[in-house]
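Asker: Return atomic coordinates for the entry below.
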Amino acid sequence: MFETSYFDRLQDYMASGGEIDLNDEEFNYYNMLHTLIGIERKYGKDNAVSFLRHEPFNCTIKRAREMYSEAINLFYCDDKIEREAMRQMMYEEMKKAAKVALTMAENTKDLEVYGNLMIQAWKVRGLDKNDPEKIETPKEKPIKIYSLDTEKIGLPQADRYKLASLIDSIPDIPEREKVRLKRDAQVEDINVEEMLDDTEKKTKSY
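Answerer: Numbering: from 1, shown residues only. Reported below is the predicted structural model:
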């Protein structure tokens, strides 16, 4: 019996919260792994493995150990990391032992045993370590693109001649200012040297 492993299928079953339908063989395999966990908790690993070696299962020692490992990983771990599964199992076993020690305690020495077991349980589970600091990912700033080309945003291109005529018709402004307005409106090309010279003059005037 149990020559075929349904471990991967059962992992999907557990991950789905039991929503996946299992056939009879898969469900029997699930029940057996669950049974192994119960035996392991009460009687230990060796008895859990030995259980599969006898009638009516008659599994080989290799297959019995494989199923024991699958049971541990399936019910103690949800991310396929065997190390995490064993750590969780040891944590629970130490808590049980500590509870028994506390129940049976008759003196301060017995209470020390309880305390030591709890400390070991915390260390196995990693509860003695500080939680890693959460690093907030920087929020992405929206990308802004500026353009004087109206066609890029779906608007028709402006009539440069009409703009130039409109600027020329503005009364009471110096010719130099009209030239600047035409350049800002891209009616005329920008003279970089003249612009730098103008900037330098303004700076000196301050």
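Asker: alpha carbons only for contacts and neighbour counts from here, please
Answerer: OK.
Asker: Counting neighbours, which bits of the strand or helix carrying residue 120 end up buried?
Answerer: If you go by DSSP states H and E, residue 120 is part of helix 108-125. Neighbour counts over helix 108-125 (16 or more other Cα atoms under 10 Å) mark 111, 113, 114, 117, 118, 119, 120, 121, 122, 124, 125 as buried.
Asker: Run through the helices of this structure in chain order.
Answerer: For the chain, applying DSSP state H gives helices covering 7-15, 24-43, 45-53, 61-76, 82-104, 108-125, 160-168, 175-184, 192-205.
Asker: Give the rounded mean pLDDT of the first one.
Answerer: Just to be clear, that refers to helix 7-15. Per-residue pLDDT over helix 7-15 has a mean of 87.
Asker: ditto for the fourth one
Answerer: Model confidence over helix 61-76 averages 89 on the pLDDT scale.
Asker: what do you get for stretch 90-108?
Answerer: 80.
Asker: What would it look like as CSV? C-alpha coordinates only.
Answerer: Once non-C-alpha atoms are left out, stretch 90-108 reads as follows in CSV (Å, rounded to 0.1, in the frame of the first residue of the first chain):
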residue,chain,number,x,y,z
MET,A,90,10.1,20.9,17.9
TYR,A,91,8.6,24.1,19.2
GLU,A,92,5.2,22.4,19.8
GLU,A,93,6.9,19.4,21.4
MET,A,94,8.9,21.5,23.8
LYS,A,95,5.8,23.5,24.8
LYS,A,96,4.0,20.2,25.6
ALA,A,97,7.0,19.0,27.7
ALA,A,98,7.1,22.4,29.5
LYS,A,99,3.4,22.1,30.3
VAL,A,100,3.9,18.6,31.8
ALA,A,101,6.8,19.9,33.9
LEU,A,102,4.7,22.8,35.2
THR,A,103,1.8,20.4,36.0
MET,A,104,4.1,18.0,37.9
ALA,A,105,6.2,20.7,39.6
GLU,A,106,6.7,20.2,43.3
ASN,A,107,9.5,22.6,44.0
THR,A,108,11.6,25.5,42.6
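Asker: Having no further points to raise, I will conclude here.
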